[in-house]
Every structure is written in C-alpha cells, then in structure tokens.
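Chemist: Here you go, sequence then predicted model.
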Amino acid sequence: MFNRKNKGPEPVAPANLFTVNEPSSVIAEQVKTIRTNVSFAQQAQSLRTIMVTSAMASEGKSIVTANLAVEFAQAGKRVVLIDADLRRSTVNRTFRIREVNRGLTNYLVRQIDDITEVCHPTMVENLAVIPSGPTPPNPAELIGSPLMATVFDQLKQYFDLIIVDAPPILPVTDGQILSNMVDGVILVVRQNYTDKRAVVDTKERLEQAQANILGVVLNDVRSEGHSGYYNNGDGYYGYEYSEKK
C-alpha cells in the first residue's frame, strides 16, 4: 500500500543510508547483526513496536534507526519508521521526503484523521516513513496524548513492525514517555563521547518508565588502523543484547 510507485529512475539514497548504498560494507553487516538480535527478541517477546533512543543528542541514534528500518524492510517485513523527535527531526532529510508539513504532529493535533495520510513511501520497498511534521510548541504534551497510543494501534493494521526514532532521554521527557508505550527500547551509546553517568541516568529513567530495554548499540567504535564512522572512516556498530527476564 505504501510502497514506492514506479515513477522514473530510482532516487539515489543519501550517504548515511549505507544499508542502501553499501549493503556489503562492514557497517551494513553490523546493522544486519543488530536486526538479527532484535528478531530473536521479537520471537521471544512478540515485539511490534521498537523505539531507538540515546542519552544525549549527536550520538547517532537517528542514523542507526534509519538503517535498522531499511534492514528490516529488506528482510521482507512491512515497516514504518516514525520520526517522534518533534524538536530535531531528521527522517524527512534522510529519506528525502518533500512534504515535510504532513507528518505526525498533523495527526496528533487532529488536522488529519487517518494515520495513513501521513505515511510516505520511500526508495526502499516495504518501508514507509512518518515525518515529524510541523514543529509544535508543546512536543511532550502531544507525545503523551491518548492519540499517540492510537497511532500505534492503527499502524499495526498495515505494518509488521513499527520503529520509532525518539528524542534523547536526558534533555527532554518525550522519550521517557514514549518508552512506556512501545514493546521494546534500544539505546544508542557513542563511544568516547557519551558520559558514563549519562548512560546510567538514562537507564534509570527508562526503568522508572517501566521500559523494556532490549539492548545497547555501541556506536562509532574504532577499529585498529581506522577512524570512526563520524569521521567517514570504517567504524562500525556493536550490539549488546539483553533479554528481559
């Protein structure tokens, strides 16, 4: 329903979608590993909604989220990626969505009644995205509204997996609110950047929200003789999986 229609040449994916541009690269292979581990958790816990977040901004969580969504779609899942970072949206740029003023906030403020009207097809088969939409004055209130739960309920009718690009946990409350609405949470931590205390505080806040923490993605890992991903080298993602007891 939301697949891209054939309208001329396939668009070129932005560089940060390396799962599309460089599917055999080391980084893409690491994302496949993350997808595999999350799939194991899905089978064990029947996960339909997964949120990706970080402690602070600039840890790479949006890039991880976008590429993970691509990987699941390429594996045959019907996937929708929601940009719930209403203050600092990136999904529209990553997937080159032109209608940036038709997104999640339009639904949450009742300008649009049908959630499918804010689902945009992408250059990746089986993958649709919902941009954040116009920036609201009250992001946390919108995220915490009953309509946000309705978003998930409605999307489950059309998609196998809902992936949420959430705001970082410590600066704002939005991510913590969302973490209680989804089936599982993945935390992105940037090596040699994220303060250890911040990671501990983030874990505590997620636990306070009774979030199901699936695992941690260690981003910008530096292999010997190479620079990290953010320096356009050959850094890669690590993944640490923890099954909820």
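Modeler: Ah, there it is.

Chemist: Going along the chain, name the strands of this structure.
Modeler: In the chain, the strands defined using DSSP state E lie at 49-54, 79-83, 120-121, 127-130, 161-165, 184-190, 213-221, 236-241.

Chemist: Any chance of a markdown table for these, columns mean pLDDT?
Modeler: As requested, the strands of the chain are exported to a markdown table (pLDDT from 0 to 100):
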| stretch | mean pLDDT |
| --- | --- |
| strand 49-54 | 95 |
| strand 79-83 | 97 |
| strand 120-121 | 94 |
| strand 127-130 | 96 |
| strand 161-165 | 97 |
| strand 184-190 | 92 |
| strand 213-221 | 83 |
| strand 236-241 | 40 |
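
Chemist: export those to CSV and tack on mean neighbour count and distance to Ala73?
Modeler: (C-beta placed from N, C-alpha, C; glycine too.) Listed next are the strands of the chain as CSV, based on neighbours: other CB atoms under 10 Å; distance: least, CB to CB, whole Å:
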stretch, mean neighbour count, distance to Ala73
strand 49-54, 26, 13
strand 79-83, 28, 5
strand 120-121, 20, 11
strand 127-130, 27, 4
strand 161-165, 26, 9
strand 184-190, 23, 17
strand 213-221, 21, 18
strand 236-241, 18, 18
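
Chemist: could you dump these to JSON lines with distance to Val20?
Modeler: JSON lines is the format used below for those (distance: least, CB to CB, whole Å):
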{"stretch": "strand 49-54", "distance to Val20": "18"}
{"stretch": "strand 79-83", "distance to Val20": "13"}
{"stretch": "strand 120-121", "distance to Val20": "14"}
{"stretch": "strand 127-130", "distance to Val20": "10"}
{"stretch": "strand 161-165", "distance to Val20": "16"}
{"stretch": "strand 184-190", "distance to Val20": "20"}
{"stretch": "strand 213-221", "distance to Val20": "19"}
{"stretch": "strand 236-241", "distance to Val20": "16"}
